[in-house]
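> Only the shape, not the letters, is given here:
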């Protein structure tokens, strides 16, 4: 069985369990709903990144600023030398989003705990309600890397390349979202779009096809068969999207780190941006309707 392109970025629960007190490692739980997760119990030594409050701008619909990220890392006791191990709820969707944001700002030494919070609990590993208070650090955050993020205008400009097969646009939402039958999955009762469907030329490879039932990633061979079978190969640029950018960051992680695709960008505006804009082209099967 071939190893992943960057095997060091994926760590197992037993690896984490053996290092919860290691001062050179900072374990981070990233939650969409901390009250239902982190507050009730978390991996010993783990600090909290609240996805909505910590990773997103409080006013604009955007990720946090470089200055805010520096403050978050510093109060979390994370320095440039720290190994950051991220895990979270919702099958690591939001942990992957946080990793994408950190990588976008040039943070290195990043890891994902395979299987996330779900697997840790399924293995009956210890949880604590104790909130760590790490000593503040210093972290000079870099300017963002534009090669990792796609904006609305980038996707618009890429549509001819998508149509010609020179760029793969990967919609990682479920089939009913892709078809426009629904505009949000059951986990999210809010943040709907005005229209259902998908960006023209997008290929639907749901994020869940990349993981097993326990939330851990499939083997490299299985992942290559999945994406190559849809014509998504490392020789072409790739843009991933979903509804708000968290599931697409999960697929971005798979393509960039596990399979080693050299040119993968995450379109975090995703369907809540595209599906709400006037005169933005949409594809959907004839006869389907939005929920």
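Here it is on my side, so go on. Since the model is a prediction, treat every value here as computed from it, not as a measurement.
> contacts and neighbour counts: CA atoms only from here.
Noted.
> Looks like residue 193 contacts residue 182 (just checking).
No - using C-alpha atoms under 8 Å, residue 193 is not in contact with residue 182, being 9.6 Å away.
> Please parse the chain into its domains.
7-144, 147-274 (automatic domain parsing).
> which one of those domains lies closest to residue 281?
The minimum distance between residue 281 and those falls on domain 147-274, with 6.8 Å, by C-alpha to C-alpha.
> measure the closest one end to end?
End-to-end span of domain 147-274 (C-alpha to C-alpha, to the nearest Å): 20 Å.
> ditto for stretch 134-144
End-to-end for stretch 134-144, by C-alpha to C-alpha: 26 Å.
> quick one: the strands in the chain?
10-11, 25-31, 47-50, 83-88, 110-113, 168-171, 203-204, 238-241, 264-266 (DSSP state E).
> Let me have those in a markdown table, adding distance to residue 119, mean pLDDT and mean neighbour count as columns.
Below are the strands of the chain laid out as a markdown table (distance: least, C-alpha to C-alpha, whole Å; pLDDT from 0 to 100; neighbours: other C-alpha atoms under 10 Å):
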| stretch | distance to residue 119 | mean pLDDT | mean neighbour count |
| --- | --- | --- | --- |
| strand 10-11 | 12 | 98 | 18 |
| strand 25-31 | 13 | 98 | 26 |
| strand 47-50 | 18 | 98 | 22 |
| strand 83-88 | 10 | 98 | 25 |
| strand 110-113 | 9 | 98 | 22 |
| strand 168-171 | 26 | 98 | 27 |
| strand 203-204 | 27 | 98 | 19 |
| strand 238-241 | 26 | 98 | 26 |
| strand 264-266 | 26 | 98 | 26 |
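> about what we covered before: using JSON lines, please lay out the domains of the chain together with distance to residue 280.
Shown next, in JSON lines, are those (distance: least, C-alpha to C-alpha, whole Å):
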{"stretch": "domain 7-144", "distance to residue 280": "19"}
{"stretch": "domain 147-274", "distance to residue 280": "7"}
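> Select, out of those, the one closest to residue 282.
Here domain 147-274 is closest among those (C-alpha to C-alpha), at 5.3 Å.
> next one: that closest one to chain centre, how far?
Relative to the centre of its chain, domain 147-274 is centred 11 Å away, using C-alpha atoms, centre = their mean, to the nearest Å.
> same deal with stretch 141-148?
Centre to centre, stretch against its chain (C-alpha atoms, centre = their mean), the figure for stretch 141-148 is 16 Å.
> quick one: low-confidence ranges for the stretch 101-250 of the chain?
188-192 (pLDDT under 70).
> Kindly recompute the last result at 80.
185-192 (pLDDT under 80).
> May I see the strands of the chain arranged in CSV, with distance to residue 284 as well?
Below are these laid out as CSV (distance: least, C-alpha to C-alpha, whole Å):
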stretch, distance to residue 284
strand 10-11, 36
strand 25-31, 32
strand 47-50, 34
strand 83-88, 33
strand 110-113, 35
strand 168-171, 13
strand 203-204, 12
strand 238-241, 16
strand 264-266, 22
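> Tell me which of the ones you listed lies nearest to residue 121.
strand 83-88 (11.3 Å).
> mind listing the helices for the stretch 151-291 of the chain?
152-163, 175-179, 220-228, 246-253, 270-274 (DSSP state H, counting those that start in this stretch).
> and among those, the most buried is which?
Ranked by mean neighbour count, these are led by helix 246-253 with a mean of 27 (mean count of other C-alpha atoms under 10 Å).
> Which elements pack onto it?
helix 93-104, strand 238-241, strand 264-266 (3 or more C-alpha pairs under 8 Å, 6 or more residues apart in numbering; DSSP states H and E).
> Which of those sits closest to residue 113?
Short answer: helix 93-104, nearest of those by C-alpha to C-alpha, at 9.0 Å.
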